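Peer 1: Sequence first, then the predicted structure, then my questions.
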Amino acid sequence: MKHPRLELIHEAARGVALDAPPLLFVHGAFTAAWCWQQHFLPWFAERGYDCWALSLEGHGESSGHDYLSGISIDDYVRNLSAVIRQIGHTPIVIGHSMGGFVLQQYLTLHTLPGAVLLASVPPHGLAGSSLRLLAQAPSQLLALNLYQNGMHRPDWTELRDMLFSATASEEVVALMARRAQQESQRAIMDMTLVNPLFIRPLPPLPALVLGAAGDHLISAADVVATADRLDCSAEILPHMGHMMMLDSHWEKVAERMLEWLEQHWPNVSGVTRGALGMIP
(Lines give C-alpha, C1' and ligand atoms only; values in the text may rest on other atoms or scores of the structure.)
Protein backbone atom coordinates (compact mmCIF):
# COMPACT_ATOMS: atom_id res chain seq x y z
CA MET A 1 0.00 0.00 0.00
CA LYS A 2 1.35 3.44 -0.96
CA HIS A 3 1.62 5.80 1.98
CA PRO A 4 0.42 9.37 1.41
CA ARG A 5 2.65 12.37 2.05
CA LEU A 6 1.10 14.16 5.04
CA GLU A 7 1.51 17.79 6.02
CA LEU A 8 2.45 18.03 9.69
CA ILE A 9 2.96 21.50 11.13
CA HIS A 10 5.05 21.76 14.30
CA GLU A 11 4.96 24.70 16.71
CA ALA A 12 7.30 23.81 19.55
CA ALA A 13 6.95 24.96 23.13
CA ARG A 14 8.47 28.37 23.73
CA GLY A 15 10.67 29.02 26.74
CA VAL A 16 10.27 26.39 29.44
CA ALA A 17 8.34 23.40 28.10
CA LEU A 18 5.75 21.65 30.20
CA ASP A 19 6.29 18.08 31.33
CA ALA A 20 3.20 17.00 29.40
CA PRO A 21 2.42 15.00 26.25
CA PRO A 22 2.51 16.88 22.95
CA LEU A 23 -0.75 18.24 21.52
CA LEU A 24 -1.85 16.98 18.10
CA PHE A 25 -4.67 18.93 16.42
CA VAL A 26 -6.88 17.23 13.80
CA HIS A 27 -9.11 19.40 11.61
CA GLY A 28 -12.66 18.81 10.43
CA ALA A 29 -14.23 18.55 6.99
CA PHE A 30 -13.53 21.19 4.32
CA THR A 31 -10.43 22.54 6.12
CA ALA A 32 -6.83 21.50 6.88
CA ALA A 33 -4.06 22.10 9.42
CA TRP A 34 -4.10 25.83 8.61
CA CYS A 35 -7.24 26.31 10.76
CA TRP A 36 -5.16 25.73 13.92
CA GLN A 37 -2.34 28.08 12.91
CA GLN A 38 -4.34 31.27 13.31
CA HIS A 39 -4.71 31.00 17.09
CA PHE A 40 -4.33 27.63 18.77
CA LEU A 41 -0.81 26.52 17.80
CA PRO A 42 0.95 29.74 18.89
CA TRP A 43 -1.33 30.18 21.93
CA PHE A 44 -0.57 26.73 23.36
CA ALA A 45 3.11 26.88 22.34
CA GLU A 46 3.45 30.12 24.31
CA ARG A 47 2.17 28.22 27.35
CA GLY A 48 4.75 25.47 27.09
CA TYR A 49 3.05 22.84 24.96
CA ASP A 50 4.70 21.07 22.03
CA CYS A 51 2.06 21.48 19.30
CA TRP A 52 1.42 19.66 16.03
CA ALA A 53 -1.33 19.97 13.41
CA LEU A 54 -2.08 17.37 10.76
CA SER A 55 -3.60 17.86 7.34
CA LEU A 56 -5.45 14.66 6.57
CA GLU A 57 -4.91 12.92 3.24
CA GLY A 58 -6.30 15.02 0.40
CA HIS A 59 -6.26 18.22 2.49
CA GLY A 60 -3.94 21.21 2.75
CA GLU A 61 -0.42 20.36 1.57
CA SER A 62 -0.91 16.61 2.00
CA SER A 63 -1.05 14.40 -1.08
CA GLY A 64 -4.28 12.79 -2.22
CA HIS A 65 -6.21 15.69 -3.74
CA ASP A 66 -6.47 13.80 -7.04
CA TYR A 67 -8.33 10.90 -5.38
CA LEU A 68 -10.02 12.79 -2.55
CA SER A 69 -13.53 11.54 -3.32
CA GLY A 70 -12.54 7.94 -2.53
CA ILE A 71 -10.71 8.52 0.77
CA SER A 72 -12.46 6.85 3.71
CA ILE A 73 -12.66 7.54 7.43
CA ASP A 74 -10.49 4.44 7.89
CA ASP A 75 -7.86 6.12 5.69
CA TYR A 76 -7.99 9.18 7.94
CA VAL A 77 -7.52 6.91 10.98
CA ARG A 78 -4.43 5.48 9.29
CA ASN A 79 -3.19 9.05 8.70
CA LEU A 80 -3.61 9.78 12.40
CA SER A 81 -1.75 6.59 13.34
CA ALA A 82 1.11 7.51 10.99
CA VAL A 83 1.67 10.99 12.41
CA ILE A 84 1.48 9.76 16.00
CA ARG A 85 4.31 7.35 15.15
CA GLN A 86 6.17 10.21 13.49
CA ILE A 87 5.87 12.49 16.55
CA GLY A 88 7.41 9.75 18.69
CA HIS A 89 5.78 10.73 21.99
CA THR A 90 2.13 9.71 22.17
CA PRO A 91 0.16 12.97 22.11
CA ILE A 92 -3.07 14.26 23.50
CA VAL A 93 -5.22 14.48 20.38
CA ILE A 94 -7.64 17.35 19.78
CA GLY A 95 -10.21 16.59 17.10
CA HIS A 96 -12.68 19.08 15.63
CA SER A 97 -15.91 18.01 13.89
CA MET A 98 -14.93 15.23 11.44
CA GLY A 99 -11.56 15.11 13.19
CA GLY A 100 -13.40 14.21 16.39
CA PHE A 101 -15.12 11.33 14.60
CA VAL A 102 -11.76 10.14 13.25
CA LEU A 103 -10.37 10.36 16.79
CA GLN A 104 -13.20 8.21 18.13
CA GLN A 105 -12.48 5.54 15.52
CA TYR A 106 -8.78 5.67 16.38
CA LEU A 107 -9.61 5.13 20.04
CA THR A 108 -11.42 1.88 19.25
CA LEU A 109 -8.00 0.49 18.29
CA HIS A 110 -5.44 2.46 20.32
CA THR A 111 -4.95 4.26 23.61
CA LEU A 112 -3.95 7.88 24.19
CA PRO A 113 -2.99 9.87 27.30
CA GLY A 114 -5.99 12.14 26.69
CA ALA A 115 -8.47 13.39 24.09
CA VAL A 116 -10.28 16.66 23.44
CA LEU A 117 -13.27 16.75 21.09
CA LEU A 118 -14.56 20.08 19.79
CA ALA A 119 -17.98 20.16 18.07
CA SER A 120 -17.32 16.53 17.16
CA VAL A 121 -19.43 14.46 14.81
CA PRO A 122 -21.17 12.16 17.31
CA PRO A 123 -20.83 8.37 17.46
CA HIS A 124 -24.07 7.88 15.50
CA GLY A 125 -22.83 10.10 12.68
CA LEU A 126 -24.32 12.89 10.58
CA ALA A 127 -27.75 11.56 9.66
CA GLY A 128 -29.41 13.43 12.53
CA SER A 129 -27.61 16.68 11.64
CA SER A 130 -28.75 16.39 8.03
CA LEU A 131 -32.37 15.86 9.03
CA ARG A 132 -32.21 18.76 11.48
CA LEU A 133 -30.76 21.08 8.83
CA LEU A 134 -33.42 19.95 6.38
CA ALA A 135 -36.13 20.93 8.86
CA GLN A 136 -34.58 24.07 10.38
CA ALA A 137 -32.21 25.51 7.77
CA PRO A 138 -32.83 23.92 4.36
CA SER A 139 -30.95 26.69 2.54
CA GLN A 140 -27.80 25.86 4.52
CA LEU A 141 -28.11 22.16 3.74
CA LEU A 142 -28.60 22.98 0.06
CA ALA A 143 -25.56 25.25 0.03
CA LEU A 144 -23.41 22.55 1.65
CA ASN A 145 -24.55 19.92 -0.82
CA LEU A 146 -24.03 22.20 -3.82
CA TYR A 147 -20.56 23.10 -2.60
CA GLN A 148 -19.64 19.47 -2.00
CA ASN A 149 -20.67 18.67 -5.56
CA GLY A 150 -18.65 21.54 -7.02
CA MET A 151 -21.72 23.53 -8.05
CA HIS A 152 -21.54 26.45 -5.64
CA ARG A 153 -18.95 28.40 -3.67
CA PRO A 154 -20.54 29.84 -0.49
CA ASP A 155 -19.97 33.54 0.03
CA TRP A 156 -18.89 34.98 3.36
CA THR A 157 -22.44 35.68 4.55
CA GLU A 158 -23.45 32.04 3.98
CA LEU A 159 -20.31 30.81 5.73
CA ARG A 160 -20.95 33.08 8.71
CA ASP A 161 -24.48 31.70 9.04
CA MET A 162 -23.32 28.08 8.76
CA LEU A 163 -20.06 28.07 10.69
CA PHE A 164 -19.58 31.18 12.83
CA SER A 165 -21.28 33.40 15.36
CA ALA A 166 -22.70 36.79 14.43
CA THR A 167 -19.67 38.46 16.05
CA ALA A 168 -17.04 36.67 13.94
CA SER A 169 -14.85 39.13 12.07
CA GLU A 170 -15.16 39.54 8.33
CA GLU A 171 -11.45 38.74 8.09
CA VAL A 172 -11.75 35.27 9.61
CA VAL A 173 -14.89 34.45 7.61
CA ALA A 174 -13.09 35.59 4.46
CA LEU A 175 -10.13 33.37 5.41
CA MET A 176 -12.49 30.40 5.64
CA ALA A 177 -14.10 31.30 2.32
CA ARG A 178 -10.69 31.54 0.67
CA ARG A 179 -9.14 28.37 2.09
CA ALA A 180 -12.09 25.98 2.38
CA GLN A 181 -11.95 22.91 0.14
CA GLN A 182 -14.22 20.08 -0.83
CA GLU A 183 -14.42 16.98 1.36
CA SER A 184 -14.19 13.29 0.49
CA GLN A 185 -17.60 12.01 -0.58
CA ARG A 186 -16.63 8.59 0.75
CA ALA A 187 -15.80 10.03 4.19
CA ILE A 188 -19.08 11.93 4.33
CA MET A 189 -20.97 8.73 3.53
CA ASP A 190 -18.96 6.87 6.19
CA MET A 191 -20.10 9.45 8.75
CA THR A 192 -23.71 9.46 7.53
CA LEU A 193 -24.45 5.74 7.18
CA VAL A 194 -23.26 4.62 10.62
CA ASN A 195 -24.53 1.21 11.71
CA PRO A 196 -25.35 1.55 15.44
CA LEU A 197 -24.44 -2.11 15.95
CA PHE A 198 -20.85 -1.25 14.94
CA ILE A 199 -20.34 1.58 17.44
CA ARG A 200 -17.67 0.04 19.63
CA PRO A 201 -16.95 1.05 23.24
CA LEU A 202 -13.90 3.18 23.94
CA PRO A 203 -11.26 2.53 26.61
CA PRO A 204 -11.34 4.87 29.60
CA LEU A 205 -9.09 7.92 29.26
CA PRO A 206 -9.07 11.57 30.34
CA ALA A 207 -11.38 13.38 27.92
CA LEU A 208 -12.85 16.83 27.40
CA VAL A 209 -15.88 17.27 25.13
CA LEU A 210 -16.90 20.80 24.15
CA GLY A 211 -19.69 22.08 21.93
CA ALA A 212 -20.80 25.50 20.72
CA ALA A 213 -24.17 27.02 21.61
CA GLY A 214 -24.48 28.61 18.16
CA ASP A 215 -23.49 25.50 16.18
CA HIS A 216 -25.98 24.76 13.39
CA LEU A 217 -24.25 21.50 12.39
CA ILE A 218 -23.56 19.71 15.69
CA SER A 219 -26.35 20.02 18.25
CA ALA A 220 -26.07 19.98 22.03
CA ALA A 221 -27.60 16.48 21.96
CA ASP A 222 -24.82 15.38 19.59
CA VAL A 223 -22.20 16.75 21.99
CA VAL A 224 -23.83 14.89 24.88
CA ALA A 225 -23.78 11.64 22.87
CA THR A 226 -20.05 12.05 22.25
CA ALA A 227 -19.41 12.82 25.93
CA ASP A 228 -21.44 9.78 27.00
CA ARG A 229 -19.28 7.57 24.81
CA LEU A 230 -16.16 8.99 26.46
CA ASP A 231 -17.69 8.81 29.96
CA CYS A 232 -17.34 12.52 30.67
CA SER A 233 -19.59 15.57 30.89
CA ALA A 234 -20.51 17.61 27.83
CA GLU A 235 -19.83 21.34 28.03
CA ILE A 236 -21.55 23.82 25.70
CA LEU A 237 -19.73 27.14 25.33
CA PRO A 238 -21.79 30.25 24.54
CA HIS A 239 -21.37 32.92 21.85
CA MET A 240 -19.70 30.81 19.16
CA GLY A 241 -20.43 28.71 16.11
CA HIS A 242 -19.06 25.49 14.69
CA MET A 243 -15.55 26.76 13.87
CA MET A 244 -14.63 27.05 17.52
CA MET A 245 -10.89 27.55 16.92
CA LEU A 246 -11.47 30.57 14.65
CA ASP A 247 -14.62 32.25 15.97
CA SER A 248 -14.52 35.51 17.92
CA HIS A 249 -14.52 33.79 21.34
CA TRP A 250 -11.88 31.18 20.47
CA GLU A 251 -9.89 32.08 23.60
CA LYS A 252 -12.72 30.74 25.79
CA VAL A 253 -12.22 27.35 24.13
CA ALA A 254 -8.45 27.49 24.55
CA GLU A 255 -8.72 28.59 28.19
CA ARG A 256 -11.09 25.73 29.02
CA MET A 257 -8.73 23.28 27.34
CA LEU A 258 -5.77 24.74 29.25
CA GLU A 259 -7.64 24.40 32.55
CA TRP A 260 -8.35 20.76 31.77
CA LEU A 261 -4.74 20.10 30.70
CA GLU A 262 -3.36 21.65 33.86
CA GLN A 263 -5.56 19.41 35.98
CA HIS A 264 -3.91 16.33 34.47
CA TRP A 265 -0.34 17.51 33.65
CA PRO A 266 0.67 20.23 36.13
CA ASN A 267 4.49 19.87 36.17
CA VAL A 268 7.10 21.87 34.23
CA SER A 269 10.52 20.97 32.74
CA GLY A 270 12.66 21.11 29.59
CA VAL A 271 13.03 23.33 26.50
CA THR A 272 12.27 22.59 22.80
CA ARG A 273 12.40 24.31 19.41
CA GLY A 274 9.96 24.80 16.52
CA ALA A 275 9.88 23.41 12.96
CA LEU A 276 7.68 22.76 9.95
CA GLY A 277 7.81 19.29 8.44
CA MET A 278 6.30 16.79 6.05
CA ILE A 279 6.01 13.03 6.49
CA PRO A 280 7.54 11.40 3.41
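Peer 2: Done, it's in.
Peer 1: His39: how many residues sit nearby?
Peer 2: Residues near His39, counting by other CB atoms under 10 Å, number 17. Where you see a C-beta, it was placed from the backbone N, CA and C, and this is true even at glycine.
Peer 1: Next up, the contacts around it.
Peer 2: Counting by CB atoms under 8 Å, 6 or more residues apart in numbering, His39 makes contact with 245-246, 250-251, 254.
Peer 1: Now the buried members of these.
Peer 2: 245-246, 250, 254 (16 or more other CB atoms under 10 Å).
Peer 1: So which of those belong to helices?
Peer 2: Counting by DSSP state H, the buried ones among the contacts of His39 place 250, 254 in helices.
Peer 1: Just name the closest of the contacts of His39 to Leu163, please.
Peer 2: Leu246 (8.4 Å; CB to CB).
Peer 1: ok, that closest one - contacts?
Peer 2: For Leu246, the contact set (CB under 8 Å, 6+ apart) comprises 35, 38-39, 164, 168, 172, 175-176.
Peer 1: for Val209, same thing?
Peer 2: Going by CB under 8 Å, 6+ apart, Val209 touches 116-117, 120, 223, 226-227, 230, 232-235.
Peer 1: Of the residues you listed, just the buried ones, ChimeraX syntax please.
Peer 2: Paste this into ChimeraX to select the buried members of the contacts of Val209, with burial taken from 16+ other CB under 10 Å:
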select :116,117,120,223,226,227,230,232,234
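Peer 1: same question for stretch 214-221, mean pLDDT?
Peer 2: Across stretch 214-221, pLDDT averages out at 92.
Peer 1: would TSV of the contacts of Val209 with distance to Gly70 and secondary structure be doable?
Peer 2: Output for the contacts of Val209, formatted as TSV (distance: CB to CB, whole Å; DSSP: H, G, I helix; E, B strand; the rest coil):
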residue	distance to Gly70	secondary structure
Val116	29	strand
Leu117	26	strand
Ser120	24	coil
Val223	30	helix
Thr226	27	helix
Ala227	32	helix
Leu230	30	coil
Cys232	34	coil
Ser233	38	coil
Ala234	34	strand
Glu235	36	strand
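Peer 1: Could you dump the contacts of Val209 into CSV and include distance to Leu159?
Peer 2: Output for the contacts of Val209, formatted as CSV (distance: CB to CB, whole Å):
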residue, distance to Leu159
Val116, 24
Leu117, 23
Ser120, 20
Val223, 22
Thr226, 24
Ala227, 27
Leu230, 30
Cys232, 31
Ser233, 31
Ala234, 26
Glu235, 25
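Peer 1: so which of the contacts of Val209 comes closest to Gly48?
Peer 2: Using CB to CB, Val116 is the member of the contacts of Val209 that lies nearest Gly48, at 16.8 Å.
Peer 1: Does that closest one touch Ile92 like I think?
Peer 2: Yes. When contacts are counted by CB atoms under 8 Å, Val116 is listed as touching Ile92 (6.8 Å).
Peer 1: And the buried ones among the contacts of His39, which two are furthest apart?
Peer 2: Across those, no pair lies farther apart than Leu246 and Ala254, at 11.6 Å, counting by CB to CB.
Peer 1: Which residues are in contact with each of Val116 and Ile92?
Peer 2: Any residue near both Val116 and Ile92 by CB under 8 Å, 6+ apart counts here, and not one turns up.
Peer 1: ok, the residue most central in space within the chain to Arg14 distance?
Peer 2: Nearest to the geometric centre of the chain sits His96, at 2.1 Å (CA atoms, centre = their mean). Distance, His96 to Arg14, by CB to CB, to the nearest Å: 23 Å.
Peer 1: low-confidence ranges in this protein?
Peer 2: The chain contains residues with pLDDT under 70 at 1-2, 129-157, 267-280.
Peer 1: Now do the strands in it.
Peer 2: Taking DSSP state E as the criterion, the chain contains strands spanning 6-11, 23-26, 51-55, 92-96, 115-118, 207-212, 234-237, 275-279.
Peer 1: circling back to that earlier point, among the contacts of Val209, which one sits closest to Ile71?
Peer 2: Checking these one by one against Ile71 (CB to CB), the nearest turns out to be Ser120, at 19.2 Å.
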